[in-house]
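# Mind folding the following:
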Amino acid sequence: MAPISYKLGVILVMCAGLCWSGMGTSIRFIDSATTWQILFYRSFGMIFILSLYIFWHSNGRPLKDLNNVGLAGLTAAISLVLAFAGSIYAFQSTSIANAAFLFACAPFLTAILAWLLLKEPIKRNTWWALILSIIGGLIMVSSGLSFTGLTGNLAALTSALGFAGFTLSLRWGKLNNMTPAIVLGGILSIIFAGVILSFNQDGLMISMQDALKSLAMGVFLLGGGMILFSIGSKVLSATNLALLSMVEVVLAPVWGWLILREQADFSTLLGGGILFFALVLNAFSGVRNS
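Sure thing, here's the model as predicted:
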């Protein structure tokens, strides 16, 4: 694949956040499948579309890319499992406001770890964007924020750490195609969800409609977003990747209002506006510097 520009990388990563932002609204159309069942079938959809991308990217030799995952790819895959599983448990064990606020720690964790491990400098404008994004995220969830439910809060932080680890791994292996690592993360997610379902009463059997909806989420929202995010990671710093992907946080309530007619609080609109401004500020600053 030919090298891409910084500007195109910004667009691709923000489009990835756009894809992921539809996940919450899409889940509302699931009839009866549980969280773990959705994760199980959604991961199959993600693996399907990513496998097609790997086949095209490798000129019909996908096993070559899959065999070259390496340590960075394995780290990315394990980080994805932490991100997926942590978010699921967080939403089950604590309020959505708590989980969303703690998920917003991902850019800070990414920035700190990238500085420590990858020696990536953090520019002044990026620091301002980080501060504005955390303020915006806090305002968005302020009406329902509380810090009860220790295990749920720890799970949300684990999810944020997992996404930070995934982002760092993409940057670490930026000279290679990291999409096979995401496929490995999907396989590990299927195994993890399957083990959980085997120990509870839900099982793997769900309605055909729920199965198709979950597969579609995996193909178009999760998998499509992962492909865009992986390509954009080639030219963006780990901190910028985490910041720009927070388009998901901004747009998620918009889809809820447009499609489900869910009314958003003023705090959600104000915080989302601040967060969106931080993303635009950081993106334009990076384009100018590049």
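# Remind me which helix or strand the residue nearest to A33 when sequence neighbours are not counted belongs to.
In this structure, A33 finds its nearest non-sequential neighbour in D210, 4.0 Å apart by C-beta to C-beta, 6 or more residues apart in numbering. Every C-beta, even on glycine, is put in place using the N, C-alpha and C of the backbone. Remark: D210 resides in helix 208-216, with elements defined by DSSP states H and E.
# Show me what secondary structure element comes after that helix.
helix 224-232.
# Check what contacts the helix or strand following that following helix and list those residues.
On the C-terminal side of helix 224-232, the nearest following helix or strand under DSSP H and E is helix 238-244. Residues outside helix 238-244 that contact it (C-beta atoms under 8 Å, 6 or more residues apart in numbering): 10, 13-14, 17, 106-107, 110-111, 113-114, 118, 120, 122, 126, 129-130, 133, 163-164, 167-168, 170-171, 229, 232-233, 236, 278-279, 282-283, 286.
# And the pLDDT for the residue nearest to A33?
At D210, the model reports a pLDDT of 94.
# what's around it, how many residues?
18 (other C-beta atoms under 10 Å).
# Just want to check the distance between it and F276.
Counting by C-beta to C-beta, to the nearest Å, the gap from D210 to F276 is 33 Å.
# just to revisit the earlier point, list the buried ones in the helix holding D210?
D210, A211, K213, S214, L215 (16 or more other C-beta atoms under 10 Å).
# circling back: just the buried ones among the contacts of helix 238-244, please.
If we count by 16+ other C-beta under 10 Å, the contacts of helix 238-244 have these buried: 10, 13-14, 17, 106-107, 110-111, 113-114, 120, 122, 126, 129-130, 133, 163-164, 167-168, 170-171, 229, 232-233, 236, 278-279, 282-283, 286.
# The residues you listed in helices, which ones?
Judged by DSSP state H, those include 10, 13-14, 17, 106-107, 110-111, 113, 126, 129-130, 133, 163-164, 167-168, 170-171, 229, 232, 278-279, 282-283, 286 as members of helices.
# export the helix holding D210 as PDB, just CAs?
The C-alpha coordinates for helix 208-216 follow below in PDB (Å, rounded to 0.1, in the frame of the first residue of the first chain):
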ATOM      1  CA  MET A 208     -31.500 -15.400  13.500                       C
ATOM      2  CA  GLN A 209     -32.300 -11.700  13.600                       C
ATOM      3  CA  ASP A 210     -30.100 -11.000  16.500                       C
ATOM      4  CA  ALA A 211     -27.300 -13.100  15.000                       C
ATOM      5  CA  LEU A 212     -27.500 -11.100  11.700                       C
ATOM      6  CA  LYS A 213     -27.600  -7.800  13.500                       C
ATOM      7  CA  SER A 214     -24.500  -8.700  15.600                       C
ATOM      8  CA  LEU A 215     -22.700  -9.900  12.500                       C
ATOM      9  CA  ALA A 216     -23.500  -6.700  10.600                       C
END
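# by contact count, what packs against whichever strand or helix holds A90?
Using DSSP H and E, the element containing A90 is helix 70-93. When contacts are defined as 3 or more C-beta pairs under 8 Å, 6 or more residues apart in numbering; DSSP states H and E, helix 70-93 packs onto helix 35-57, helix 96-103, helix 150-172, helix 179-199.
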